[in-house]
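> Sequence and predicted structure, then a few things I'm wondering about:
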Amino acid sequence: MQISEELRELIQENIDLIDSNNWVQVYENIYNYNEFYVGDFTSIMHACGIYPEYYLDILPKYFLSYNDIMKYSVPENITGIGANAFSICASLTEINLPKNLVFIGPNAFFKCLHLKSIDLPNSLTELKVGNNFSHCPRLETIAIPDAIKYIPTHCFFECTKLHTIKLPSNLIGIKASAFEKCTSLNNVTLPASLSEIKPAAFDSCTSLTNMNYLGTIEQFQTIRSTDYGSNRWHRGTPLRVVHCKDGDVELNE
């Protein structure tokens, strides 16, 4: 990124704030100089040889949003990724996450149009509501760590090439529209710990023909009877049977 000498001088004037880790004030001072797209702040810092991500615990909102970055490795000191941190990074193809990451915020990877895969570390305990990876049309596989208890609303909405998912062994709930319009998804295994599937969770998954539930028929019937009815989470799919460990459950169309 090319920046003017005037802007470079302004950054140097804020060097004390940078040294004291007061990034909020630095952001405001530079933003007031001249409006720029969200995400440009980080690019400006990088162009000056300053890397705020190495001084933070959590990547802030809109950290690299709208940026044309293709590959990025999140520093090991980062434990959380804030809301919209990488949203609409349309050129992003590869992201490496730190092994101590605890949470991923809402819309963090929204519309990363070229992101094909992402390895979520076992340290991850929360996907904050929601749209975390929605509208990532090239995302093909995802393995969600076992510490995650809920898949939030619209988490993988319209990830049209997502064909393979591994759900956490201790998963409790799949929220509304979590996998809606994942049109390449054809096989899902639900853990026995699951107790709720919210409406539209798998709606319009037009290739979904096979679903296994690792619990009993009685347990699955309890899930079906909750919330808004037994067929509100798989509308627009060819799915007609769920295979439980002690038999099959037929689904309503």
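Now that the structure is in, tell me what you want to look at.
> Give me the number of neighbouring residues for the closest residue to M45 other than its chain neighbours.
What sits nearest to M45 in space, not counting adjacent residues and going by C-beta to C-beta, 6 or more residues apart in numbering, is P52, at 5.6 Å. Quick note: C-beta positions are derived from backbone N, CA and C, even for glycine. P52: 18 surrounding residues under other C-beta atoms under 10 Å.
> now L120
L120 sits with 17 neighbouring residues when counted by other C-beta under 10 Å.
> Sketch out the low-pLDDT regions of the stretch 1-150 of the chain for me.
The model of the stretch 1-150 of the chain has pLDDT under 70 over residues 1-3, 21, 23-24, 27, 30-40.
> In it, mark out all the helices, start to finish.
For the stretch 1-150 of the chain, applying DSSP state H, counting those that start in this stretch gives helices covering 5-13, 15-19, 23-33, 40-47.
> got the buried residues for the first one?
Going back to what we said before, that points to helix 5-13. Using 16 or more other C-beta atoms under 10 Å as the test for burial, helix 5-13 gives L7, L10, I11.
> Check stretch 122-131 too.
Those would be L124, L127, K128, G130, N131, for stretch 122-131 by 16+ other C-beta under 10 Å.
> likewise stretch 144-157?
I144, P145, D146, I148, Y150, I151, P152, T153, H154, C155, F156, F157.
> Tell me who's in contact with the second one.
Pointing back at P145 there. L120, P121, N122, S123, L124, T125, P168 (C-beta atoms under 8 Å, 6 or more residues apart in numbering).
> Thought D146 was touching the first one, still the case?
Which is L120. No - contact status for L120 versus D146: not in contact, 10.7 Å apart, counting by C-beta atoms under 8 Å.
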